[in-house]
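A.B. asks: kindly return the folded structure for what I paste below:
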Amino acid sequence: MSKAIRTALTAILAIIIIFPLLYTLSASFFTPADFTASDAKLLPSSFSLRNFELALNNSYFPRYTLNSFATAFLAAFFRCIVSISAAFAFTHLSFKGKRFLLIALLSTLFIPSDAMLYENYITTAKLGLLNSYLGIVLPSVFSASSMLMTIGTYLSADRDIYDAAQIDGAGDIRYIISILLPLTAPVTITIFIQTFISAFNSYLWPLIVTTKPGMRTIQVGITMLGFAEAGEYGAQFASIAMITLPFLILLLAGRKMIMKAISGGLS
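C.D. replies: Presented below is the predicted three-dimensional model:
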């Protein structure tokens, strides 16, 4: 009985989570009359690609999408680089102040990201990075949780492998690329996917640091496409559906790596 209850609860939760995605996909095929019908609809009265054509033909939609994918990829890439470098230093190298720096790193977990919003903006403005990809990406590069996750994984790696690599003449960079990264790939891929999704869905920071229409990300710019004002709600849903699909593909492709990283295993 307990197994049946758990299965039923899991099914209910799955339906609750997936329903908005399914409704968004369905609404992306709605006609304008479907949205104004007296009875709420779950399925479109007829299937047409008109809404997708409207979204793709909008002059800003491709640019907003490109900005989002570019900044999300750069944020994920640089966060992985920073996390890998910091984790390697903390776990494989000896230097003064290492314990103090680790405590300082842990303390940043208690600082809400919104509390640093003003200082981050001032710093970005002084560096002349407003309305630039680097300005959008910069606050996402450092993540104490990603570093600590990588540190924990690197601590489980056999130190004898590093010593053997040094004896064979392999430098630190070659050891990281050839040995350490393949051993800890699930964690690195998980951090990349998490950061990519988080950066892509970011709204407040890109809104603050971008003022030029051509530099807006899709999360900020989707409300500026004018579909809702024109009564083309279907095109708005089609835009949302098109930017959601890549995440589903990314999660499905990396689900095994994510599960392995959560379980704490090495590949």
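
A.B. asks: tell me where the stretch 101-250 of the chain has helices.
C.D. replies: 117-126, 133-141, 144-155, 159-167, 172-175, 181-183, 185-201, 204-209, 218-221, 233-263 (DSSP state H, counting those that start in this stretch).

A.B. asks: of all these, which one is nearest F100?
C.D. replies: With CB to CB as the criterion, F100 lies closest to helix 144-155 of the helices of the stretch 101-250 of the chain, at 14.8 Å. The way it works is simple: take the backbone N, C-alpha and C, and place the C-beta from them, glycine included.

A.B. asks: pLDDT on the closest one, on average?
C.D. replies: Helix 144-155 carries an average pLDDT of 88.

A.B. asks: now do the contacts for the residue nearest the centre of the chain.
C.D. replies: Nearest to the mean C-alpha position of the chain, counting by CA atoms, centre = their mean, stands I197 at 1.9 Å. Contacts for I197 (CB atoms under 8 Å, 6 or more residues apart in numbering) come out as 72, 247, 250.

A.B. asks: columns distance to I84 on top of those residues, output as JSON lines?
C.D. replies: Formatted as JSON lines, the contacts of I197 follow (distance: CB to CB, whole Å):
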{"residue": "A72", "distance to I84": "19"}
{"residue": "F247", "distance to I84": "24"}
{"residue": "L250", "distance to I84": "20"}
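
A.B. asks: neighbour-wise, give me the winner out of those residues.
C.D. replies: Greatest neighbour count in those, by other CB atoms under 10 Å, goes to A72: 25 neighbours.

A.B. asks: hang on, it packs against F196?
C.D. replies: Yes - with contact defined as CB atoms under 8 Å, A72 counts as touching F196 (4.8 Å).

A.B. asks: for the contacts of I197, which one is nearest I173?
C.D. replies: A72 (25.9 Å).

A.B. asks: what separation is there between that closest one and Y162?
C.D. replies: 33 Å (CB to CB, to the nearest Å).

A.B. asks: ok, the residue nearest to the centre of the chain to S132 distance?
C.D. replies: In terms of CB to CB, I197 sits 22 Å off from S132.

A.B. asks: adding distance to Y23, write the helices of the stretch 101-250 of the chain out as TSV.
C.D. replies: Converted to TSV, the helices of the stretch 101-250 of the chain look like this (distance: least, CB to CB, whole Å):
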stretch	distance to Y23
helix 117-126	33
helix 133-141	30
helix 144-155	32
helix 159-167	50
helix 172-175	49
helix 181-183	40
helix 185-201	19
helix 204-209	26
helix 218-221	19
helix 233-263	9
